[in-house]
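Participant: just to be clear, the model below is a prediction. Sequence and coordinates:
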There are 2 protein chains.
Amino acid sequence: MSSSKSLTVLVDPRINEVEDAAKEAISHSKTLLIIGRCWVDYHGRAKSKLEPGERILIIKSDGSLLVHRSVGYEPVNWMPGGNVIFNVQERGNRLEIRAVRQKPPETVTIIFDKIQTCTSLVLSDSGEFSLYASEEDMQRAILIKPDLLEEGFRPITYEKKVEPGFVDVYGEDRNGKFVVVEIKRKTAGKEAVFQLGRYIDAVRTKANREIRGILVAPSIAKGVQRTLVTLGLEYKQLDPRKCADVLTRSATKRLAEFFGQ
Amino acid sequence: MSSSKSLTVLVDPRINEVEDAAKEAISHSKTLLIIGRCWVDYHGRAKSKLEPGERILIIKSDGSLLVHRSVGYEPVNWMPGGNVIFNVQERGNRLEIRAVRQKPPETVTIIFDKIQTCTSLVLSDSGEFSLYASEEDMQRAILIKPDLLEEGFRPITYEKKVEPGFVDVYGEDRNGKFVVVEIKRKTAGKEAVFQLGRYIDAVRTKANREIRGILVAPSIAKGVQRTLVTLGLEYKQLDPRKCADVLTRSATKRLAEFFGQ
DNA sequence: GAGTGGATTTCGCAT
DNA sequence: ATGCGAAGTCCACTC
């Protein structure tokens, strides 16, 4: 029951049919999907045991392996791709698939005793994936459009190394005061405030000027406002999605300028 | 092309065939797999865009959604299960599938223009999943690799019977002080601290040397730190999974070496 | 319901 | 190699 160039679909197959198909798929770096009743053992960084049930097994062209149950966003067992070695064989009318990798040393063993479908094919996929509005994106957005922070802000450097770690953005406000900016892309907790506090302390010991510390985040956790005030820090609300808008527009603009010249 | 009770398999189907199958699968909380050429947009906590290519779409019975590329352990786009609303419809010989959830507000839109396979079925799965790293494993791990407790620790005995019960591990630190170790695999409460306190008292009455008591656990409950200090005890954070790592590494390594050849 | 911490986290990037 | 931090993190547990 097959079709197309690389596509192979087996419905209610015998175990040895799947054995052949799986070996062929893995050796040719195809994508392999098996749906059936199985149980799974994992040994490595921890140990786990999954009792029999119907699941979806996916083995991708890079050797990554996923076992998915009928519910849940996450795989119940998995193996990240890379240097993974597979072993497929029939044993007493059961199909045993074992995936082993060295670094870190771990093993996933899947045994099927009933298979509903087995599908293998080459996935042709060169489409680009782009994600906007990471923490780095927010930083870039502020560098491109400093008014996002406040009017008159002028960035000097970014990711400047100071004693406890890195300052996200570092600049001057309209009155010439130093400004240290710490960026979080989601609700800022105590951790972020203390981090900024440590930055500020480190900078104060070196520069003998007035320093403002600004925490940039879409929102702040419940009791954190108090901590901010206590440490003499400020808070500027900024949604990562706003930053994404700036980035995409500015990118388009720069592209236009480039082609305009 | 179908079989079994709930299993439906379509190979190289027309778009409207898949539309019907997908609507049927989603409305009946079946598991749905579509393999084909698609592009994906995500709007929500961030924005992402995936250009056209062949991928695997999985929609599970709980509404969780996964888009997998030909490589990588992680999905390129996804939606965790729960209160997810799906919308499936054909538009100009393309199949548009949209998943929306409110908390947090986000949307994944997938458009297929060519479909290789569409599979839907009910996955019957009641098998239990257990992740194993018991208190005994943690103890053995510390015996195998005493540095897990602290550098220079040398175990002498384990599960040694003392007055109130058993000491988990008993040894000397780098300075020759006696060390009594109590292990909990879950968050340690006051109970564990008092238990260790009783052990310490029992040992102190026999040995006339300085004794350190260390509570080993992945975490400690809220007010327990205070109790520890009061009783002059220490706390060492240690995750049972880290211990499982130590335990299984050699066995897994040997296996990896075998299959590597 | 929000905050906090862990994960077989994975995946970068910097040292 | 190692270590640190981010993630559309997710998830479970505490408060």
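Facilitator: Received the coordinates, thanks. Residues are numbered from 1 along each chain as shown, chains lettered A, B, ... in the order given.
Participant: using the three-state scheme, assign residue A:29.
Facilitator: Secondary structure, DSSP: H, G, I helix; E, B strand; the rest coil: residue A:29 is coil.
Participant: residues in contact with it?
Facilitator: Residue A:29 is in contact with A:61, A:62, counting by Cβ atoms under 8 Å, 6 or more residues apart in numbering or on different chains. C-betas here are computed from N, CA, C, even on glycine.
Participant: please report phi then psi for it.
Facilitator: phi 50, psi 40 (degrees, to the nearest 10).
Participant: ok, now how distant is it from residue A:121?
Facilitator: Per Cβ to Cβ, to the nearest Å, residue A:29 is found 11 Å from residue A:121.
Participant: same thing with residue A:51?
Facilitator: Taken as Cβ to Cβ, the span from residue A:51 to residue A:121 is 30 Å.
Participant: settle it for me: which of the two has more neighbours?
Facilitator: A direct count of neighbours by other Cβ atoms under 10 Å in any protein chain shown for residue A:51 and residue A:121 places residue A:121 higher, at 24 against 12.
Participant: that one pairs with what?
Facilitator: residue A:31 (DSSP bridges).
Participant: wouldn't it be in contact with residue A:8 here?
Facilitator: Yes. Contact criterion Cβ atoms under 8 Å: residue A:121 and residue A:8 qualify, at 6.9 Å.
Participant: got the residues of chain A near DNA strand C?
Facilitator: A:42, A:44-46, A:48, A:75-78, A:80-81, A:106, A:108, A:187, A:189-191, A:221-223 (Cβ under 7 Å from any atom of the strand).
Participant: helix/strand/coil for residue A:176?
Facilitator: Quick answer, by three-state DSSP: residue A:176 is coil.
Participant: give me phi/psi at it?
Facilitator: phi 80, psi 10.
Participant: so what's it up against?
Facilitator: Counting by Cβ under 8 Å, 6+ apart, residue A:176 has no contacts.
Participant: next one: residue A:122
Facilitator: Counted by Cβ under 8 Å, 6+ apart, residue A:122 has contacts A:5, A:6, A:28, A:30, A:31, A:61, B:70.
Participant: min pLDDT across those, which one?
Facilitator: Lowest pLDDT within the contacts of residue A:122 is found at residue A:5 (76).
Participant: how near is the residue lying closest to it once chain neighbours are set aside to residue A:7?
Facilitator: Among residues not flanking residue A:5 along the chain, residue A:122 sits closest, at 7.9 Å (Cβ to Cβ, 6 or more residues apart in numbering or on different chains). According to Cβ to Cβ, residue A:122 stands 8 Å off from residue A:7.
Participant: also residue A:110?
Facilitator: From residue A:110 over to residue A:7 the distance is 23 Å, taken as Cβ to Cβ.
Participant: more neighbours, these two?
Facilitator: Neighbours around residue A:110 and residue A:7, counted as other Cβ under 10 Å, are more numerous at residue A:110. The numbers are 24 against 17.
Participant: so stretch A:235-253, near chain B or not?
Facilitator: Yes. Under the criterion of Cβ under 8 Å from any Cβ of the partner chain, chain B is reached by stretch A:235-253 at A:240, A:241, A:244.
Participant: this completes my enquiry, with thanks.
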